[in-house]
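# Predicted model and sequence follow; I will ask about them next.
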Amino acid sequence: MTLQLRVYVPPHPLIQHWLGVARDADTPSVLFKSAMTELGRWLTYEAVREWLPTEELTVQTPLATCPATMINPTVPIAIVPILRAGLALLEPAQTVLPIASIYHLGLVRNEETLEASCYLNKLPAQFPPGTRVLITEPMLATGGSITMAMSELTKRGVDPALTRIISIVAAPPALQKLSVAYPGLVVYTATIDEGVNSQGFIVPGLGDAGDRTFGT
Ligand SMILES: O=P(O)(O)OC[C@H]1O[C@H](OP(=O)(O)OP(=O)(O)O)[C@H](O)[C@@H]1O
Ligand SMILES: O=c1cc[nH]c(=O)[nH]1
Ligand SMILES: [Mg+2]
(Lines give C-alpha, C1' and ligand atoms only; values in the text may rest on other atoms or scores of the structure.)
(Ligands and ions follow the chains in the order given, each with its own letter.)
Protein backbone atom coordinates (compact mmCIF):
# COMPACT_ATOMS: atom_id res chain seq x y z
CA MET A 1 0.00 0.00 0.00
CA THR A 2 1.40 3.44 -0.93
CA LEU A 3 1.30 5.91 1.93
CA GLN A 4 -0.19 9.33 1.25
CA LEU A 5 -0.48 12.55 3.22
CA ARG A 6 -4.02 12.80 4.61
CA VAL A 7 -5.50 16.23 5.25
CA TYR A 8 -8.80 16.54 7.13
CA VAL A 9 -10.92 19.69 7.32
CA PRO A 10 -13.60 18.72 9.86
CA PRO A 11 -16.95 20.18 8.69
CA HIS A 12 -17.94 21.35 12.16
CA PRO A 13 -19.91 24.58 12.81
CA LEU A 14 -17.85 25.39 15.93
CA ILE A 15 -14.62 25.13 13.95
CA GLN A 16 -16.08 27.23 11.12
CA HIS A 17 -17.37 29.87 13.55
CA TRP A 18 -14.09 30.32 15.44
CA LEU A 19 -12.13 30.35 12.19
CA GLY A 20 -14.30 33.27 11.04
CA VAL A 21 -13.60 35.10 14.31
CA ALA A 22 -9.84 34.49 13.96
CA ARG A 23 -9.80 35.64 10.34
CA ASP A 24 -11.59 38.94 11.07
CA ALA A 25 -8.98 41.73 11.17
CA ASP A 26 -11.21 43.62 13.66
CA THR A 27 -11.01 40.82 16.24
CA PRO A 28 -8.97 42.10 19.20
CA SER A 29 -6.06 40.04 20.55
CA VAL A 30 -7.96 38.81 23.62
CA LEU A 31 -10.77 37.36 21.45
CA PHE A 32 -8.29 36.08 18.87
CA LYS A 33 -6.66 34.08 21.68
CA SER A 34 -10.07 32.64 22.66
CA ALA A 35 -10.71 31.68 19.04
CA MET A 36 -7.37 29.84 18.93
CA THR A 37 -8.24 28.05 22.18
CA GLU A 38 -11.60 26.89 20.80
CA LEU A 39 -10.05 25.83 17.48
CA GLY A 40 -7.27 23.98 19.33
CA ARG A 41 -9.77 22.11 21.49
CA TRP A 42 -12.03 20.91 18.64
CA LEU A 43 -9.20 20.12 16.22
CA THR A 44 -7.41 18.08 18.89
CA TYR A 45 -10.66 16.25 19.66
CA GLU A 46 -11.00 15.38 15.96
CA ALA A 47 -7.32 14.54 15.45
CA VAL A 48 -7.02 11.97 18.24
CA ARG A 49 -9.78 9.79 16.79
CA GLU A 50 -8.23 6.43 15.74
CA TRP A 51 -4.84 7.66 17.01
CA LEU A 52 -5.17 7.46 20.78
CA PRO A 53 -4.14 3.95 21.86
CA THR A 54 -6.84 2.14 23.83
CA GLU A 55 -7.11 -1.13 25.70
CA GLU A 56 -10.05 -3.35 26.55
CA LEU A 57 -10.59 -3.69 30.29
CA THR A 58 -13.33 -4.82 32.63
CA VAL A 59 -14.67 -2.41 35.25
CA GLN A 60 -16.96 -2.99 38.15
CA THR A 61 -19.98 -0.65 38.11
CA PRO A 62 -22.04 -0.35 41.32
CA LEU A 63 -24.27 -3.07 39.81
CA ALA A 64 -22.19 -5.47 37.70
CA THR A 65 -18.96 -6.04 35.80
CA CYS A 66 -18.83 -4.36 32.41
CA PRO A 67 -16.36 -4.12 29.48
CA ALA A 68 -14.65 -0.71 29.14
CA THR A 69 -12.45 0.77 26.39
CA MET A 70 -9.82 2.90 28.14
CA ILE A 71 -6.78 4.91 27.05
CA ASN A 72 -3.68 2.71 27.26
CA PRO A 73 -1.43 4.57 29.73
CA THR A 74 1.72 2.67 28.67
CA VAL A 75 1.89 4.21 25.18
CA PRO A 76 3.80 7.53 25.26
CA ILE A 77 1.95 10.60 23.99
CA ALA A 78 3.79 13.83 23.16
CA ILE A 79 2.63 17.31 22.21
CA VAL A 80 5.12 19.46 20.30
CA PRO A 81 4.08 23.14 20.09
CA ILE A 82 5.93 25.17 17.44
CA LEU A 83 6.68 28.51 19.11
CA ARG A 84 5.45 31.08 19.23
CA ALA A 85 2.09 30.72 17.51
CA GLY A 86 1.77 27.01 18.34
CA LEU A 87 1.59 27.94 22.03
CA ALA A 88 -1.92 29.25 21.37
CA LEU A 89 -3.04 25.67 20.64
CA LEU A 90 -1.06 24.00 23.43
CA GLU A 91 -3.33 24.62 26.41
CA PRO A 92 -6.48 23.31 24.69
CA ALA A 93 -4.55 20.29 23.36
CA GLN A 94 -3.32 19.62 26.91
CA THR A 95 -6.88 19.85 28.20
CA VAL A 96 -7.88 17.06 25.80
CA LEU A 97 -4.68 15.04 26.42
CA PRO A 98 -3.66 15.68 30.06
CA ILE A 99 -1.34 12.64 30.09
CA ALA A 100 0.83 13.98 27.22
CA SER A 101 4.43 15.14 27.71
CA ILE A 102 5.19 18.57 26.20
CA TYR A 103 8.33 19.21 24.13
CA HIS A 104 8.77 22.82 22.96
CA LEU A 105 10.32 23.69 19.61
CA GLY A 106 10.98 27.38 18.86
CA LEU A 107 11.20 28.25 15.16
CA VAL A 108 11.20 31.64 13.47
CA ARG A 109 11.16 32.63 9.80
CA ASN A 110 13.59 35.16 8.40
CA GLU A 111 11.22 37.89 7.16
CA GLU A 112 13.18 38.34 3.90
CA THR A 113 14.29 34.85 2.91
CA LEU A 114 11.32 33.14 4.66
CA GLU A 115 13.76 30.47 5.81
CA ALA A 116 13.04 28.96 9.21
CA SER A 117 15.65 28.71 11.94
CA CYS A 118 15.53 27.03 15.34
CA TYR A 119 16.15 29.02 18.55
CA LEU A 120 14.82 26.53 21.14
CA ASN A 121 14.85 22.75 21.02
CA LYS A 122 13.54 20.85 24.03
CA LEU A 123 13.07 17.54 22.16
CA PRO A 124 14.53 14.41 23.78
CA ALA A 125 17.57 12.76 22.13
CA GLN A 126 15.31 9.85 21.17
CA PHE A 127 11.55 9.27 21.44
CA PRO A 128 10.48 5.80 22.69
CA PRO A 129 9.27 3.59 19.80
CA GLY A 130 5.54 3.94 19.20
CA THR A 131 5.29 7.47 20.64
CA ARG A 132 2.20 9.31 19.39
CA VAL A 133 3.15 12.91 18.54
CA LEU A 134 0.70 15.80 18.14
CA ILE A 135 2.27 18.95 16.63
CA THR A 136 0.51 22.26 17.24
CA GLU A 137 1.32 24.69 14.42
CA PRO A 138 -1.49 27.07 13.37
CA MET A 139 0.04 28.26 10.08
CA LEU A 140 1.34 25.96 7.32
CA ALA A 141 2.50 28.53 4.74
CA THR A 142 5.61 27.91 2.62
CA GLY A 143 6.15 24.75 4.69
CA GLY A 144 9.69 25.64 5.76
CA SER A 145 8.88 25.60 9.48
CA ILE A 146 6.82 22.40 9.54
CA THR A 147 9.33 20.45 7.43
CA MET A 148 12.12 21.58 9.79
CA ALA A 149 9.99 20.41 12.74
CA MET A 150 9.31 17.04 11.07
CA SER A 151 12.99 16.60 10.29
CA GLU A 152 13.95 17.24 13.95
CA LEU A 153 11.31 14.73 15.08
CA THR A 154 12.02 11.93 12.60
CA LYS A 155 15.74 12.10 13.31
CA ARG A 156 14.83 11.36 16.94
CA GLY A 157 12.84 8.24 16.06
CA VAL A 158 9.34 9.67 15.53
CA ASP A 159 7.21 7.75 13.00
CA PRO A 160 5.33 10.15 10.65
CA ALA A 161 2.44 7.67 10.51
CA LEU A 162 1.96 8.09 14.29
CA THR A 163 2.14 11.89 14.01
CA ARG A 164 -0.78 14.32 13.77
CA ILE A 165 -0.49 18.04 12.99
CA ILE A 166 -3.20 20.41 14.11
CA SER A 167 -3.19 23.62 12.16
CA ILE A 168 -5.69 26.44 11.65
CA VAL A 169 -4.81 27.57 8.11
CA ALA A 170 -2.93 25.34 5.68
CA ALA A 171 -1.68 26.48 2.27
CA PRO A 172 -0.86 24.33 -0.78
CA PRO A 173 2.95 24.88 -0.77
CA ALA A 174 3.26 23.45 2.77
CA LEU A 175 0.93 20.54 2.06
CA GLN A 176 2.84 19.77 -1.14
CA LYS A 177 6.19 19.67 0.74
CA LEU A 178 4.75 17.45 3.48
CA SER A 179 3.18 15.04 1.00
CA VAL A 180 6.53 14.54 -0.76
CA ALA A 181 8.68 14.24 2.36
CA TYR A 182 6.31 12.60 4.87
CA PRO A 183 3.65 10.40 3.25
CA GLY A 184 1.67 8.73 6.01
CA LEU A 185 1.47 11.94 8.02
CA VAL A 186 -2.00 13.23 8.95
CA VAL A 187 -3.00 16.92 9.14
CA TYR A 188 -6.15 18.31 10.77
CA THR A 189 -6.80 21.90 9.77
CA ALA A 190 -9.70 24.36 9.98
CA THR A 191 -9.21 25.38 6.33
CA ILE A 192 -7.03 25.02 3.25
CA ASP A 193 -6.50 28.47 1.77
CA GLU A 194 -5.68 29.60 -1.77
CA GLY A 195 -1.98 30.33 -1.50
CA VAL A 196 0.92 32.33 -0.10
CA ASN A 197 1.80 35.90 -1.16
CA SER A 198 5.29 37.25 -1.91
CA GLN A 199 5.78 38.18 1.79
CA GLY A 200 5.06 34.59 2.82
CA PHE A 201 1.59 35.32 4.23
CA ILE A 202 -1.28 32.95 3.59
CA VAL A 203 -4.13 34.54 1.57
CA PRO A 204 -6.81 35.11 2.73
CA GLY A 205 -5.34 33.63 5.93
CA LEU A 206 -5.59 35.43 9.26
CA GLY A 207 -2.43 37.53 9.33
CA ASP A 208 0.46 36.87 11.70
CA ALA A 209 -0.79 34.26 14.15
CA GLY A 210 2.05 34.84 16.62
CA ASP A 211 1.63 38.62 16.72
CA ARG A 212 -2.16 38.40 16.97
CA THR A 213 -1.99 35.84 19.80
CA PHE A 214 0.52 37.78 21.86
CA GLY A 215 -0.58 41.32 20.94
CA THR A 216 2.82 42.27 19.50
O1 LIG B 1 5.27 27.59 6.58
P2 LIG B 1 6.17 28.74 6.89
O3 LIG B 1 6.40 29.63 5.69
O4 LIG B 1 7.45 28.33 7.53
O5 LIG B 1 5.38 29.69 7.90
C6 LIG B 1 4.73 29.22 9.03
C7 LIG B 1 5.39 29.73 10.27
O8 LIG B 1 5.39 31.17 10.29
C9 LIG B 1 4.95 31.63 11.55
O10 LIG B 1 6.02 31.69 12.45
P11 LIG B 1 6.87 33.02 12.67
O12 LIG B 1 8.19 32.89 12.02
O13 LIG B 1 6.04 34.21 12.32
O14 LIG B 1 7.12 32.95 14.21
P15 LIG B 1 6.08 33.21 15.41
O16 LIG B 1 5.22 31.99 15.52
O17 LIG B 1 6.98 33.42 16.57
O18 LIG B 1 5.29 34.44 15.08
C19 LIG B 1 3.98 30.55 11.96
O20 LIG B 1 3.74 30.59 13.35
C21 LIG B 1 4.62 29.27 11.49
O22 LIG B 1 5.49 28.71 12.43
O1 LIG C 1 0.05 33.92 6.96
C2 LIG C 1 0.95 33.56 7.75
C3 LIG C 1 2.08 32.85 7.32
C4 LIG C 1 3.01 32.48 8.24
N5 LIG C 1 2.83 32.80 9.53
C6 LIG C 1 1.75 33.48 9.96
O7 LIG C 1 1.62 33.75 11.15
N8 LIG C 1 0.85 33.87 9.05
MG1 LIG D 1 4.86 35.27 13.41
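Arrived safely, thanks for sending. Ligands and ions are numbered 1, 2, ... in the order given.

# Check the gap between the most far-flung residue of the chain relative to its centre and Leu57 for me.
Each residue of the chain has a distance to the centre, and by CA atoms, centre = their mean the biggest one is for Leu63: 41.2 Å. Counting by CB to CB, to the nearest Å, the separation of Leu63 from Leu57 is 17 Å. In this view, the C-beta of every residue, glycine as well, is placed from N, C-alpha and C.

# How much space separates Glu46 from ligand 1?
21 Å (CB to the nearest ligand atom, to the nearest Å).

# er, Ile202 actually
For Ile202 relative to ligand 1 (CB to the nearest ligand atom), the value is 8 Å.

# just Leu185 next, same as before
Leu185 is 15 Å from ligand 1, by CB to the nearest ligand atom.

# mind listing the strands for this structure?
6-8, 54-60, 65-71, 77-83, 101-102, 105-109, 116-121, 132-136, 139-140, 163-170, 186-192, 195-196, 202-203 (DSSP state E).

# packing partners for the fifth one?
Judged by 3 or more CB pairs under 8 Å, 6 or more residues apart in numbering; DSSP states H and E, the packing partners of strand 101-102 are strand 77-83.

# got it, and the last one?
Based on contacts counted as 3+ CB pairs under 8 Å, 6+ apart, the elements that strand 202-203 packs against are strand 195-196.

# ok, the strand it packs on near ligand 2 or not?
No: interface with ligand 2: strand 195-196 contributes nothing (CB under 6 Å from any ligand atom), its closest point being 7.0 Å away.

# contact partners of that strand?
141-142, 171-173, 202-203 (CB atoms under 8 Å, 6 or more residues apart in numbering).

# strands paired with that strand, and their directions?
Strand pairing for strand 195-196, using DSSP bridges, gives strand 202-203 (antiparallel).

# And the contacts of the strand it pairs with?
Against strand 202-203 from outside (CB under 8 Å, 6+ apart): 139, 141, 169, 171, 193-197.

# if we can go back for a sec, can I get the strands of the chain in CSV with mean neighbour count and mean pLDDT?
As requested, these are exported to CSV (neighbours: other CB atoms under 10 Å; pLDDT from 0 to 100):
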stretch, mean neighbour count, mean pLDDT
strand 6-8, 15, 98
strand 54-60, 10, 98
strand 65-71, 10, 97
strand 77-83, 24, 98
strand 101-102, 14, 98
strand 105-109, 18, 98
strand 116-121, 13, 98
strand 132-136, 26, 98
strand 139-140, 28, 98
strand 163-170, 26, 98
strand 186-192, 22, 98
strand 195-196, 17, 98
strand 202-203, 20, 98
